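Engineer: what follows is a predicted protein model with its sequence.
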Amino acid sequence: MTDKTIDGGKPFDWGRTSEYYAKFRDIYPSEFYEKITARGLCTDGQSVLDLGTGTGVLPRNMYSYGAKWTGVDIAENQIEQARVLSRGMDIDYLAMPVEDIDFPDCSFDVITACQCFWYFDHEKIVHKLHSMLKPDGRLLLLYMAWLPFEDNIARASEELVLKYSPNWSGAGETVHPIDIPKCYFEQFELVYHEEYPLFVHFTRESWNGRMKACRGIGASLSDIEIAKWEEEHKALLEDTAPEEFDVKHYAAIAELNAK
């Protein structure tokens with residue numbers, strides 16, 4: 001995938017990170033999911049489409065709440081991992097770009113997009129999303145990020161990513177509402193948003209894996225560059241981080257109602 005607004009246009013492929021993504025990016029605390037169910041979303045009796053599902057993190061972790069999930073992702077490798085990790089669960093997965101989905105009108109009560117909303121061609125999909133939702137259906141946008149200006153370990157790791165990927169646009173995150181393009185407000189109404197702090201627990205190994213699975217490293221660098229970065233990052237953590245630690249994050253939720 002290439003987008004001139006992301007990482008200065010440097011190509012990236014989430015499929016290259018699938019193994020590490022599956023192992024190290026399923027990190028959302030229970031509070032993250034409780035915020036969703038508190039809104040009455042993704043629960044028993046509802047049909048949910050998860051856009052950019054990756055390894056199926058959202059469907060798998062919310063499966064017990066009773067919704068019927070369908071996950072879509074552009075990367076075949078991500079979908080393969082999702083199917084393996086979802087074994088025994090009644091979750092449907094499709095490998096395709098979000099822009100190509102074509103479900104019948106009124107198919108879903110909720111459409112979710114977690115950590116992926118900015119990758120889409122919004123002008124192309126907004127009308128599709130609206131038509132696929134049932135009357136009064138919900139578009140639910142979700143996001144979580146570490147806070148490098150408030151957490152020393154996150155800042156040090158981020159600086160090392162920037163050493164290898166200077167144009168990585170995932171750096172420098174601060175707390176803010178999810179940005180929603182204007183085209184959505186013709187057919188949707190923002191009914192709720194919230195931004196709140198979270199502390200996510202890691203070991204040195206799991207934090208290294210989490211950083212390795214980010215777009216600026218595993219999804220875009222060569223194997224040689226990734227190996228050099230990882231050697232340097234592991235040494236950095238041995239010098240600066242205890243064996244286990246919490247990293248300060250924030251999460252954001254935005255709920256839009258289909259008009």
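Structural biologist: Everything's here; your move.

Engineer: going forward, measure contacts between C-alpha atoms and count neighbours the same way
Structural biologist: Fine.

Engineer: element containing Val161?
Structural biologist: Element membership of Val161 [criterion: DSSP states H and E] is helix 152-164.

Engineer: do the same with Leu237
Structural biologist: helix 223-240.

Engineer: for that helix, packing partners?
Structural biologist: Applying 3 or more CA pairs under 8 Å, 6 or more residues apart in numbering; DSSP states H and E, we find helix 223-240 packed against helix 152-164, helix 204-212.

Engineer: quick check, Cys114 in contact with Ala145.
Structural biologist: No: under the criterion of CA atoms under 8 Å, Cys114 makes no contact with Ala145, lying 11.5 Å away.

Engineer: per-residue pLDDT, the residue lying farthest from the centre of the chain?
Structural biologist: In the chain, the residue that sits farthest from the middle, by CA atoms, centre = their mean, is Asp239; the gap is 29.6 Å. Predicted confidence (pLDDT) at Asp239: the value is 96.

Engineer: and Lys4, by the same measure?
Structural biologist: Per-residue pLDDT puts Lys4 at 65.

Engineer: which one is Cys116 nearest to, not counting chain neighbours?
Structural biologist: Gly52 (5.9 Å; CA to CA, 6 or more residues apart in numbering).

Engineer: contacting residues for the one you found?
Structural biologist: Residues in contact with Gly52 (CA atoms under 8 Å, 6 or more residues apart in numbering) are 71-74, 98, 113-114, 116.

Engineer: and it, its phi and psi?
Structural biologist: When quoted as degrees, to the nearest 10, the phi and psi of Gly52 stand at phi 60, psi 50.

Engineer: roughly how far apart are the closest residue in space to Pro11 that isn't next to it in sequence and Thr70?
Structural biologist: Spatial nearest neighbour of Pro11, excluding adjacent residues (CA to CA, 6+ apart): Thr2 at 4.6 Å. According to CA to CA, to the nearest Å, Thr2 stands 26 Å off from Thr70.

Engineer: go on, Phe188?
Structural biologist: Distance, Phe188 to Thr70, by CA to CA: 22 Å.

Engineer: residue closest to the middle of this protein?
Structural biologist: Gln115 (2.5 Å).
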